[in-house]
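Chemist: 3D model of this:
(chains A and B)
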Protein chains: 2
Amino acid sequence: MKNITAITISIGDELLSGRTLDSNNAFISRQLDLIGISVVKKMIIGDIAQDIKDSLDWAFSQADVVTLTGGLGPTHDDITKSVLCEYFDVRLKLYPELLEALKDRFAKRGFQFSESNTSQAEYPENAALLENPFGTAQGMHIQHEGKHLFVMAGVPREMQIVTTDQIIPLLSKIAHKSISIIDIHSIGVPESTLYELTKPVLDEYPDLKIAYLPKQGMVTIRVSFPSSSPDEEQKFTTELYGKIHDLKPKNIYGRDEEVLPVLIGKLLKAKQATVATAESCTGGLVASLITDISGSSEYFQTGFVTYANETKMSLLGVAEQILVDYGAVSEETVAEMLNGTLQKSGADYAIAISGVAGPTGGSEEKPVGTVYIGVANNAHQNIKRFQFGKNRILNKEMSAFSALNLLRLLIEKDV
Amino acid sequence: MKNITAITISIGDELLSGRTLDSNNAFISRQLDLIGISVVKKMIIGDIAQDIKDSLDWAFSQADVVTLTGGLGPTHDDITKSVLCEYFDVRLKLYPELLEALKDRFAKRGFQFSESNTSQAEYPENAALLENPFGTAQGMHIQHEGKHLFVMAGVPREMQIVTTDQIIPLLSKIAHKSISIIDIHSIGVPESTLYELTKPVLDEYPDLKIAYLPKQGMVTIRVSFPSSSPDEEQKFTTELYGKIHDLKPKNIYGRDEEVLPVLIGKLLKAKQATVATAESCTGGLVASLITDISGSSEYFQTGFVTYANETKMSLLGVAEQILVDYGAVSEETVAEMLNGTLQKSGADYAIAISGVAGPTGGSEEKPVGTVYIGVANNAHQNIKRFQFGKNRILNKEMSAFSALNLLRLLIEKDV
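Modeler: This is a model prediction of the structure:
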């Protein structure tokens, strides 16, 4: 059977100038790859009509599937739709229901609806629309001489949902090759170490495609394999996840949608327990991650951001002498923060974090990236010292996720 | 004078699969942009000889300068260099001094030098070498029918130093034009409205290139213009920013690096003032954004995440009757949260937020996306009702940034 090939095209002067990194092409490639469609070339072009037409000619001559992102907004540099009309020799068609929705949207936010916005409800008549729930620019599917063109807004969030919810289901019907996926999440293990650790297990299975996806100091192992029956798949993924998890159960923690904030929520709900947070260097990020999950109010009620020593004392009752003797970034201070958090919040579990996020503020003894992270309930307390890097934002993220992982281990021990 | 144009080509299967993001093309674009050379197209291709040749044909036919990165590492060098030899019909030339250096390098690290490594000292005879101090794959400059081809290793560090230290000095002699940029940030205005609003001002100036870059419900206007003297540029950008800002001073708030968390920091430092936060639906995100900025401990000491009604009462002293009469998502509750935050934290300014982040929990009166955001100091209190959309994460982000914007307005009024 012939392999289905794809070419991705991104439109936007800001991508050419290099001030914005094109992550859209990469996202689309990964998604197509999952259903067995290979991206063979990618192109980035400016907001120039002739260049868009030339790139379409070029792409249709070499691939079965072509994706085009960008240039779909309401401003002058957004010329994609009119170019498509010229290219396919078709007209724009007005969708009255989209126009009404647009007018509603403007009215609700208190803005005047001007006629120029009408264009956001018009699409080339040969396009089938693909719903974009996050914006006004709908996606498009155009079939052309046996080839498939998909057109999307360039805003990553909008491009991503149109790709995953509309394009992939559509293409997986013609891709013939059906691929299933299991994501296995880890934290605190370098990519190369994880690779060597998991290789013997993964090598046991033929037909697996493996990718290591690093992000924010964590690595997800994405395993794709030929689809079979739901029962067989479940048996296989359960077995595979079990074997990989057992290699390093403290660090390999969940699968698929079970990223740490989700997993914490499941575990707390199952125990009908609550957690409260006390954050210094993460500055509220742990609480924000926990509350990213819908329904988190069931297990999260209280968070303290105690950035200053005075606040650690006044809100959490940390003793001044502890701060003087050991410093804010210390096991002793975090222990006091945990006690104060449990007491003041009445929660079943507490997380407390104090560290040097950087890039300044380090010392020889506690360089930038030194973070004490603690978790506790009324019976146990566990505090660990971590040494992260020099990047402030990355240090915040790695501290926050490491805290959630320690909380997971404590809850699992309790169960 | 004719504009000098460039096309950048990246080679690498890992770039096509989307597992590695191509940042090399973006780096080269920014560097070329600085000396007035516009990148008009970018392409990413796999490690396939014919594709490399085709892309060279295509690029030479459309641009004056072509850059080619990747396929030069120790595992791929045979492909790229031999493809170049075939393409230009030339032979490889051995550089004895490079061979000696290679042998030294292997000896120092205790590795055996095998003859297959000799190829790393060989380059097409029509190439002038460009020194790469960080690796063994030298850069190349090939002149071809009045056009310039530059070939570099794909390792970012090596590509970067060859670009900045070798290619840019070379090309700046043939380029004559330089481009400058100003970014103007806005919040709370749809892209289309911002476009119509700013068009008359931007149309006053010839030679401007404008792009609207939407992100997280905010839009940045990126204006590029021909460089002149630093004094003239400063005068121009100050004038332009002033005019754009004055069109909607509540929503158009900063330029260049002055995104909201940075701007808030500057304003608070200038006043030697502090801010504290009380967050319900944003769950700590405002505090986390504020503390993303290095040095924020100077003006941020205390944050409350009061997700539950009980916590709003116990930590902030919100009266139970207010919660019963008006609900947690109400102007009255946010007013009490503001008072409690100022009092409990001792800060000069307070931010308080309560809303329905969704996707569940809405009512007819307060649908998902309804958020009350308040800011206060001891003299003033300003609370506004916002209506965002249905996406939880986006609602958190838009609420958080809107809160920072309201704080900006309050501080600016105080100055």
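
Chemist: was I right to think A:F401 contacts A:L263?
Modeler: No. Taking C-beta atoms under 8 Å as the definition, A:F401 is not a contact partner of A:L263, at 11.2 Å. For glycine as for every other residue, the C-beta is placed from the backbone atoms N, C-alpha and C.

Chemist: burial of the closest residue to A:A357 other than its chain neighbours, as a residue count?
Modeler: Taking C-beta to C-beta, 6 or more residues apart in numbering or on different chains, and ignoring the residues beside it in sequence, A:A357 has A:C281 as its nearest neighbour in space, at 4.3 Å. A total of 26 residues lie near A:C281 under the criterion other C-beta atoms under 10 Å in any protein chain shown.

Chemist: contacts for the least confident helix or strand in chain A by mean pLDDT next, please.
Modeler: In chain A, the helix or strand scored least confidently by mean pLDDT, DSSP states H and E is strand A:209-215, which has a mean of 73. With C-beta atoms under 8 Å, 6 or more residues apart in numbering or on different chains as the contact definition, strand A:209-215 has outside contacts at A:179, A:191, A:194-195, A:202, A:219-225, B:17, B:19.

Chemist: could I get those as JSON lines with pLDDT and distance to B:E97?
Modeler: Rendered in JSON lines, the data for the contacts of strand A:209-215 read as follows (pLDDT from 0 to 100; distance: C-beta to C-beta, whole Å):
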{"residue": "A:I179", "pLDDT": "70", "distance to B:E97": "51"}
{"residue": "A:E191", "pLDDT": "72", "distance to B:E97": "37"}
{"residue": "A:L194", "pLDDT": "86", "distance to B:E97": "41"}
{"residue": "A:Y195", "pLDDT": "83", "distance to B:E97": "38"}
{"residue": "A:L202", "pLDDT": "92", "distance to B:E97": "45"}
{"residue": "A:V219", "pLDDT": "85", "distance to B:E97": "42"}
{"residue": "A:T220", "pLDDT": "87", "distance to B:E97": "46"}
{"residue": "A:I221", "pLDDT": "89", "distance to B:E97": "45"}
{"residue": "A:R222", "pLDDT": "82", "distance to B:E97": "46"}
{"residue": "A:V223", "pLDDT": "87", "distance to B:E97": "48"}
{"residue": "A:S224", "pLDDT": "81", "distance to B:E97": "48"}
{"residue": "A:F225", "pLDDT": "85", "distance to B:E97": "51"}
{"residue": "B:S17", "pLDDT": "74", "distance to B:E97": "38"}
{"residue": "B:R19", "pLDDT": "65", "distance to B:E97": "38"}
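
Chemist: take the residues you listed and keep only those in strands.
Modeler: Secondary structure of these is defined by DSSP state E; positions in strands are A:I179, A:V219, A:T220, A:I221, A:R222, A:V223, A:S224, A:F225.

Chemist: report the angle between the helix or strand A:S314 falls within and helix B:309-316.
Modeler: Per DSSP states H and E: A:S314 is located in helix A:309-316. Using axes from the mean of the first three to the mean of the last three C-alpha atoms, to 10 degrees, the inter-axis angle of helix A:309-316 relative to helix B:309-316 is 130 degrees.

Chemist: any buried residues in helix A:309-316, and which?
Modeler: Residues A:N309, A:E310, A:T311, A:K312, A:M313, A:S314, A:L315, A:L316 are the ones in helix A:309-316 that count as buried (16 or more other C-beta atoms under 10 Å in any protein chain shown).

Chemist: residues contacting A:I293?
Modeler: The neighbourhood of A:I293, defined by C-beta under 8 Å, 6+ apart, consists of A:P261, A:V262, A:G265.

Chemist: between those residues, which has the most around it?
Modeler: Counting by other C-beta under 10 Å, top hit in the contacts of A:I293: A:G265 with 21 neighbours.

Chemist: that one falls within a helix, correct?
Modeler: Yes. Membership of A:G265 in a helix is supported by DSSP: H, G, I helix; E, B strand; the rest coil.

Chemist: state the distance from it to A:V275.
Modeler: To A:V275, A:G265 is 10 Å away according to C-beta to C-beta, to the nearest Å.

Chemist: which residues are common contacts for these two?
Modeler: Shared contacts of A:G265 and A:V275, defined by C-beta under 8 Å, 6+ apart, comprise A:I290, A:Y299.

Chemist: pLDDT score assigned to the residue nearest to A:E145 when sequence neighbours are not counted?
Modeler: Ranked by C-beta to C-beta, 6+ apart and with sequence neighbours excluded, the top spatial neighbour of A:E145 is A:F60, at 7.2 Å. With respect to pLDDT, A:F60 has a value of 96.

Chemist: does A:F60 touch A:V66 like I think?
Modeler: Yes. The pair formed by A:F60 and A:V66 meets the contact definition of C-beta under 8 Å, at 6.3 Å.

Chemist: quick check: residues of the stretch 201-350 of chain A near chain B?
Modeler: With C-beta under 8 Å from any C-beta of the partner chain as the criterion, the stretch 201-350 of chain A meets chain B at residues A:211, A:213, A:277, A:279, A:281-288, A:290-292, A:294-297, A:300-308, A:310-311, A:314-315, A:344-345.

Chemist: in chain A, where is pLDDT below threshold?
Modeler: Residues of chain A meeting the criterion pLDDT under 70: A:1-2, A:76-77, A:176-178, A:214, A:216-217, A:415.

Chemist: how about the longest helix seen in chain A as PDB, C-alpha atoms only?
Modeler: Once chain A is assigned using DSSP state H, the helix that runs over the most residues is helix A:392-414. As requested, C-alpha coordinates have been extracted for helix A:392-414 and formatted as PDB (Å, rounded to 0.1, in the frame of the first residue of the first chain):
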ATOM      1  CA  ARG A 392      14.100  31.000  36.700                       C
ATOM      2  CA  ILE A 393      10.900  29.900  34.900                       C
ATOM      3  CA  LEU A 394      12.200  26.400  34.400                       C
ATOM      4  CA  ASN A 395      13.200  26.200  38.100                       C
ATOM      5  CA  LYS A 396       9.600  27.200  39.100                       C
ATOM      6  CA  GLU A 397       8.100  24.600  36.800                       C
ATOM      7  CA  MET A 398      10.400  21.800  37.900                       C
ATOM      8  CA  SER A 399       9.900  22.600  41.500                       C
ATOM      9  CA  ALA A 400       6.100  22.700  41.100                       C
ATOM     10  CA  PHE A 401       5.900  19.400  39.300                       C
ATOM     11  CA  SER A 402       8.400  17.700  41.700                       C
ATOM     12  CA  ALA A 403       6.200  18.800  44.600                       C
ATOM     13  CA  LEU A 404       3.100  17.200  42.900                       C
ATOM     14  CA  ASN A 405       5.100  14.000  42.400                       C
ATOM     15  CA  LEU A 406       6.100  13.900  46.100                       C
ATOM     16  CA  LEU A 407       2.500  14.400  47.000                       C
ATOM     17  CA  ARG A 408       1.500  11.500  44.800                       C
ATOM     18  CA  LEU A 409       4.100   9.200  46.500                       C
ATOM     19  CA  LEU A 410       2.800  10.200  49.900                       C
ATOM     20  CA  ILE A 411      -0.800   9.600  49.000                       C
ATOM     21  CA  GLU A 412      -0.100   6.300  47.400                       C
ATOM     22  CA  LYS A 413       1.800   5.200  50.500                       C
ATOM     23  CA  ASP A 414      -1.300   6.100  52.600                       C
END
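
Chemist: which parts of that helix are buried?
Modeler: Buried-residue list, helix A:392-414, by 16+ other C-beta under 10 Å: A:392, A:394-408, A:410-411.

Chemist: which residues of the stretch 201-350 of chain A fall in strands?
Modeler: Counting by DSSP state E, counting those that start in this stretch, the segments of the stretch 201-350 of chain A that form strands are A:209-215, A:218-226, A:252-255, A:275-279, A:300-306, A:349-355.

Chemist: all helices of the stretch 51-200 of chain A, in order?
Modeler: Counting by DSSP state H, counting those that start in this stretch, the stretch 51-200 of chain A has helices at residues A:80-88, A:96-108, A:156-162, A:168-174, A:191-203.

Chemist: any residues in contact with both of A:F60 and A:V66?
Modeler: Shared between the contact lists of A:F60 and A:V66 (criterion: C-beta under 8 Å, 6+ apart) are residues A:K147, A:L149.
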